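Engineer: Please work out how this folds:
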Amino acid sequence: MRNFCIKLVVVALTVFVMVQGCSTTRNSVKDQAALTQTTWQLIEMEGSDFENMTKIWLKFENGDEKKVSGYAACNRFFGTYEVTDHNLKFGNLASTKMFCPEMELESSFLKSLENIDRFKISDSRLNLFYEKEKTLVFQTKINDDK
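Structural biologist: So this is what the prediction gives:
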C-alpha cells in the first residue's frame, strides 16, 4: 500500500509540472503575438524625469525578418529583434539624424533599448526589463500622428 501511495504522489507531481509547463508556453506564445499586434507608446522610463515621453513609440513586425521601428522623440529608428519565450533582444538599431531639443531623451531611450533582455505584457502594458529591473513601460498607442 505504501508503494502505491508513493507512485500516486509521483504521478500527481509529474502531471502538475507538465501542466504548469504547458501554461507557461501558452502564455509566452500569447505574449509574443500581442507584442506584434499593436503599436506601443512609452509611458515610463526608469530613472527619467523627462517630459514628452509619450512622443516615443515602437512597433514590432512579425515576419521572417523580425524588425522593429518607431519614433524616439526626435528621429525615427529601426532595427531587428529576437524573441524567445519572454526573452527579448534588440539588434542593429539605427536612426535618422535630425537635431531636436529632445536629443537627451532620445539618446537615453535608445541606449535603454540596447540593454533590454526580457519583456512581459500585463494589463495591456508592455514592460521591458534589463537584469530583472523594469526599465521601460509602454501602453497601446492611441493616435498615430508620427
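
Engineer: C-alpha only now, for contacts and for neighbours.
Structural biologist: Noted.

Engineer: The residue most central in space within the chain - nearest residue in space that isn't next to it in sequence?
Structural biologist: Centroid-nearest residue in the chain: Phe119, 3.7 Å away (criterion: Cα atoms, centre = their mean). Leaving aside its chain neighbours, Phe119 sits nearest to Leu128 (4.5 Å; criterion: Cα to Cα, 6 or more residues apart in numbering).

Engineer: How about the secondary structure of that neighbour?
Structural biologist: Three-state call for Leu128 (DSSP: H, G, I helix; E, B strand; the rest coil): strand.

Engineer: Repeat that for Gln41.
Structural biologist: Per three-state DSSP, Gln41 ends up strand.

Engineer: Check what pLDDT it gets.
Structural biologist: Turning to Gln41, the model gives it a pLDDT of 93.

Engineer: shouldn't it be in contact with Gly70?
Structural biologist: No - using Cα atoms under 8 Å, Gln41 is not in contact with Gly70, being 9.4 Å away.

Engineer: Now for these two: what residues contact both?
Structural biologist: Common contacts of Gln41 and Gly70 (Cα atoms under 8 Å, 6 or more residues apart in numbering): 56-58.

Engineer: The residue nearest to Thr80 when sequence neighbours are not counted: what's it in contact with?
Structural biologist: The shortest distance from Thr80 to any non-neighbouring residue, by Cα to Cα, 6+ apart, is to Lys67 (4.3 Å). Lys67 is in contact with 60-61, 78-81, counting by Cα under 8 Å, 6+ apart.

Engineer: among the residues you listed, which are in strands?
Structural biologist: Among the contacts of Lys67, DSSP state E puts 60, 78-81 in strands.

Engineer: just curious, which of these is nearest to Phe138?
Structural biologist: Phe60 (12.8 Å; Cα to Cα).

Engineer: The closest one reaches Phe78, doesn't it?
Structural biologist: No - with contacts counted by Cα under 8 Å, Phe60 stays clear of Phe78, the gap being 9.8 Å.

Engineer: what sits in contact with each of the two?
Structural biologist: 67-69.
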